[in-house]
Every structure is written in structure tokens, then in C-alpha cells.
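Undergrad: next input, structure requested:
(one chain, ligands or ions: 1)
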Amino acid sequence: MNADIRPYTEDCWNELRGLLKNHWREDHPLLDRALFEWQYKGYGPLSKSSTARILFVQNKLIGFLGSIPGLYQIPYKDTKIVPGLALALWLVRPDYRGGGLGILMLLKTEELAHVLVCLGANNDTIRYLSKRNFTCMEALLRYILPLDAEGYKTLMVKPALYEEVLTWTRSINPGREISPIAPDTLQLQALWERSTDGVPLFSLYRNEDFWRWRYIESAGFKYLFFGEPNCAGIVVSRIERIYSPENNAFNHGKVLRIIELIPGDSGVWHGKMNADFIDLIRGVLSWARREGCWAADFQCTSSRLRPVLLDIGFKQQDPTYNPPLCSLAGLFQPLKFTIDTISVLWRINFSETIYLEPRDTYLVKSDGDTDRPNIWPLPA
Ligand SMILES: CC(C)(COP(=O)(O)OP(=O)(O)OC[C@H]1O[C@@H](n2cnc3c(N)ncnc32)[C@H](O)[C@@H]1OP(=O)(O)O)[C@@H](O)C(=O)NCCC(=O)NCCS
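TA: This is a model prediction of the structure:
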């Protein structure tokens, strides 16, 4: 079989769109060209040319492996900042599967970067990537809390006593409400560097280009920034309106999706309680409650922020939606109570593979393509 793997170029858009539409999902949001181009643009030196790979057999486009360029900081000897890729959307036309073509695209992509990450892989992909020395974490750690006891209860997978939810909701100190700020990318970069200075974290290097591309210029969601980059730190979040075509009663509910928590004090990554950072998060929760949110969640690979989150009143949900009190639904657009958890894989490979504990990584929901719209256009 004569297989040809090339970088994706714009002239292949229509053919690629056809492949995704017919063999992935007929209404996939990435069939929207603006969303597709924004997602795969990324930032850093690898964003200067296309890193996504397309596969041709007999001049027919039959495969795609998307990858999002970024810059990663690696806690190895002195912290290094290197280009890397987040794998996102891997597809071979069904009649060509199982013949080694998918792996061929992966091998070609591996040649482009020493650092690769992948969020939201299914079991087969986890198997393939594990064989290629990726470290696998079954699921992002998910921290959740109720903001409105009645609303939260309706979003629970496993019934728990309303009284328990009410007690938990009441125990959360609401804090003084704060409002979103206009983000200043220079200040955000300085905050990230100050926050993680001396902290052994494998993570995207959050420079100005990162903040601009990933959140400010997002073609999918409207992200909101809260806090003080020069002081307490920041919270990046968005409000997600619940969309349930089957049951209109849910459709006025909202959930606060916290995407980034960046403390101004680097000690927080080591378990220190910083009152200003805690007040900031509480202030965001107050704002969200007044905006009508029923619940809040935050997902991350590192357990380093756990002490601060527990202090505020968050609890951790495990990958099986336990304990029952913490069984907040997994997807809100459309509302689905249980979905596969977001798996996380990474590989740092120079002359040898560098292995890191999940605690020493800060990968969040927006790292791959797991924080983009799932329905497009977004439900009104
Ligand atoms: C995932 C997908 C792109 C893989 O493409 P494919 O062409 O079917 O896969 P390949 O034939 O190249 O590789 C699969 C096999 O090759 C093996 N393999 C071959 N060479 C390999 C190598 N050098 N290194 C590791 N594995 C190798 C894999 O382990 C796997 O074997 P197994 O399934 O028998 O264990 C394809 O199956 C697909 O489109 N699936 C549906 C969409 C999907 O689920 N995408 C992933 C979403 S996260």
C-alpha cells in the first residue's frame, strides 16, 4: 500500500472536513473552520508551520493526526523550556484501520517534538501510547463543590440526602464577591514565572503568547479572568449553561468551570495556605453563585493545590463518581451524567525518557482539546 504522510495544508480542508464528518461525528464542532484553525494554531516555534499530519493512500485522504503546538517547561536539572505538542484527534478511515497506518502518523508526529501530551484518549489510544513510553494518568483530578444545594442535587449521578448537600453548601464561606478583570498578558506571564519559580512542575510555559492564543483569542469559549496577577494570583474560568434537550428543567442551570488556578505565592504549590489566594477563589465563587451557578469544578493533574481547595470547601470526585455526595455530572453540554473521565498521557523524551510523578505536573482541562465546545454553535 502506497501511504503518504504530509503536513496538513489549507487546500486539504474540504477533504479533511469530509473525513471527519463521515467517520468521526456528523456535527463535530471542529467541522467549523474557524474553530479548527484556532485550535491547531497553538503557540511557540512549532506554530510557525503545520504540525498536524494527514495520510493519503492512492491520493485519497484517509487519516488525520492533529497536534497543538505549545511550549513546555520541564523540571529536569535546570528547568528547561522546550517546544512540544498536544495530540488531539486521531482518525483513520474504518476500512484502513489495523494496518499500521495510524501508528505511522504517530511516529511521524513524534519526530517533531521531545514533549508530547494527550488528554481525553480512549482505551485503545491509551494502549498504543503506553507502548510508546507515555506515562498515563487514568483521569484528571476533579474537585467540585455546590453553589446552590437544590440545583446541585439535580446534577448528581448518585442520589445523596438533600440535607447533606445543604450542610456542605452552607459550610462554604462565600467570601467577598469580585468581578472579572481585563487580562494583561505581560502581567500574566510575569505571574506564571513568579508562581512556578523553583517549583518542579511539568507544564505549558504560560507566556504572553499562550494567554493570548489559548484564552483571550479562543474561537470557542468566552473565558473570564479574576484576581490580581501582581499579588494574590488569578483564576481563569467560564460559565457553562446546562443544555439538556430531553429535560428543559435543567436549561436555566449553570456551572462554573474553573480552568486555571495560578497562585501569586509559589509556596501554595508546596501546600502553603495563602489567605489572599483563598479569598480570591472564594470571591469568584460568590460571583458565580450570584450569576446563578449551581456548582463549580476544577480539573488538574497535580495534587499540589489540594490543601487550598479543601480549605475552601471543594471535595474530590474519584473517576467512578464517588463518593455519592461528590457525584456531580460529567458533561453539561449536552447534560450527560456519566462520561469517560479525561485521561492524561505525556512523554518527555530527550536522549532518554524522563519520568515524572503526576504531582509534579500541572496539566489542566484546556491542555489538549478537552476544553473546547462540544456542541457548535453553542446552545443559546
Ligand atoms: C486510533 C486509530 C487512529 C489507530 O489507527 P490504526 O491504523 O487503526 O492503528 P494501527 O493499525 O496503526 O495500530 C494499531 C496496532 O499497531 C500496533 N503497532 C504497530 N506498530 C507499532 C509501534 N511501532 N509502536 C506501537 N504500536 C505499534 C499497535 O499496538 C496496535 O496493535 P493492537 O491494536 O493489535 O494492539 C484508528 O483505530 C481509529 O481511527 N480509531 C477510531 C477513532 C479513535 O478512536 N481515535 C482515537 C481517539 S483518542
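Undergrad: and for the closest residue to the ligand within the stretch 1-150 of the chain, the neighbour number?
TA: Going by CB to the nearest ligand atom, the ligand is nearest to G102 of the stretch 1-150 of the chain, at 2.0 Å. The way it works is simple: take the backbone N, C-alpha and C, and place the C-beta from them, glycine included. Neighbours of G102 under the rule other CB atoms under 10 Å: 20.
Undergrad: so it sits against W90, correct?
TA: Yes: judged on CB atoms under 8 Å, G102 makes contact with W90 at a distance of 6.6 Å.
Undergrad: and for these two, which residues touch both?
TA: L65 (CB atoms under 8 Å, 6 or more residues apart in numbering).
Undergrad: what pairs with the least confident helix or strand in the chain by mean pLDDT, and is each one parallel or antiparallel?
TA: Lowest by mean pLDDT, DSSP states H and E among the helices and strands of the chain is strand 353-354, with a mean of 90. Sheet partners assigned to strand 353-354 using DSSP bridges are listed as strand 344-349 (antiparallel).
Undergrad: now do the strand it pairs with, average pLDDT.
TA: Strand 344-349 shows a mean pLDDT of 96 in the predicted model.
Undergrad: show me what contacts L65?
TA: Per CB under 8 Å, 6+ apart, neighbours of L65: A52, R53, L55, L87, L89, W90, L91, G102, M105, L106, K108, T109.
Undergrad: residues near P45, how many?
TA: Neighbours of P45 under the rule other CB under 10 Å: 10.
Undergrad: ok, now which ones touch the residue of the stretch 201-350 of the chain found nearest the ligand?
TA: Relative to the ligand, the nearest point of the stretch 201-350 of the chain is S343 (8.7 Å; CB to the nearest ligand atom). The contact partners of S343, taken as CB under 8 Å, 6+ apart, are L119, G120, A121, N122, I126, C136, M137, E138, A139.
Undergrad: where does the prediction get shaky in the stretch 51-200 of the chain?
TA: Nowhere does the stretch 51-200 of the chain drop to pLDDT under 70.
Undergrad: do a quick rundown of the strands in it.
TA: Here the stretch 51-200 of the chain has its strands, by DSSP state E, counting those that start in this stretch, at 53-57, 60-74, 80-92, 115-119, 135-137, 141-146.
Undergrad: parallel or antiparallel, which strands does the first one pair with?
TA: Using DSSP bridges, strand 53-57 pairs in its sheet with strand 3-7 (antiparallel), strand 60-74 (antiparallel).
Undergrad: buried among the contacts of L65? Make that a PyMOL selection.
TA: Selecting the buried subset of those in PyMOL, with 16 or more other CB atoms under 10 Å as the burial test, is done by:
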select buried, resi 52+53+55+87+89+90+91+102+105+106+109
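Undergrad: near the ligand, which residues of the stretch 51-200 of the chain are found?
TA: 90-92, 97-103, 121-122, 124-125, 127-128, 131-132 (CB under 6 Å from any ligand atom).
Undergrad: just grab the bridge partners of the nearest residue to S47 once chain neighbours are set aside for me.
TA: Once flanking residues are discounted, S47 sits nearest to P69: 4.2 Å by CB to CB, 6 or more residues apart in numbering. Per DSSP bridges, the residues bridged to P69 are L85.
Undergrad: what is the burial count for P69?
TA: 24.
Undergrad: ok, it - contacts?
TA: K41, G42, Y43, G44, P45, L46, S47, T51, P83, G84, L85.
Undergrad: next, the contact list for D297, please.
TA: Going by CB under 8 Å, 6+ apart, D297 touches R142, Y143, I144, L145, V255, L256, R257, I258, L328.
Undergrad: contacts only, for the last one.
TA: Contact analysis of L328 by CB under 8 Å, 6+ apart lists I144, Y152, L155, M156, V157, A295, D297, Q317, Y321.
Undergrad: same deal with F332?
TA: If you count contacts by CB under 8 Å, 6+ apart, then F332 has E240, R241, I242, Y243, V255 around it.
Undergrad: hang on, the earlier thing: deepest of the strands of the stretch 51-200 of the chain, which one?
TA: Comparing these by mean neighbour count (mean count of other CB atoms under 10 Å), strand 115-119 ranks first with a mean of 25.
Undergrad: could you tell me which residues make contact with the residue nearest to G292 when sequence neighbours are not counted?
TA: Excluding the flanking residues, the one nearest G292 by CB to CB, 6+ apart is K254, at 5.3 Å. Listed by CB under 8 Å, 6+ apart, the contact set of K254 reads I239, E240, R241, I242, A288, E291, G292, C293, W294.
Undergrad: which ones among those residues lie within helices?
TA: A288 (DSSP state H).
Undergrad: show me which of the contacts of K254 are buried.
TA: I239, E240, R241, I242, A288, C293, W294.
Undergrad: I'd say the second one and I258 touch.
TA: No: at 11.0 Å, E240 does not count as touching I258 under the criterion of CB under 8 Å.
Undergrad: how near is the closest residue in space to S179 that isn't next to it in sequence to I339?
TA: Spatially, and ignoring its direct neighbours in sequence, S179 is nearest to W287 (6.6 Å; CB to CB, 6+ apart). Separation of W287 from I339 (CB to CB, to the nearest Å): 27 Å.
Undergrad: more neighbours: the two, which one.
TA: W287 (23 against 11).
Undergrad: OK, contacts around that one?
TA: With CB under 8 Å, 6+ apart, W287 has these contacts: E177, I178, S179, P180, F226.
Undergrad: of all those, which comes closest to N59?
TA: Nearest to N59 among these is P180, at 50.1 Å by CB to CB.
Undergrad: what residues does the residue lying closest to the closest one once chain neighbours are set aside make contact with?
TA: Closest residue in space to P180, ignoring its immediate chain neighbours: L224 at 4.3 Å, by CB to CB, 6+ apart. By CB under 8 Å, 6+ apart, L224 lies in contact with P180, V236, S237, R238, I239.
Undergrad: who's K80 bridged to?
TA: Applying DSSP bridges to K80, the residues it is bridged with are I74.
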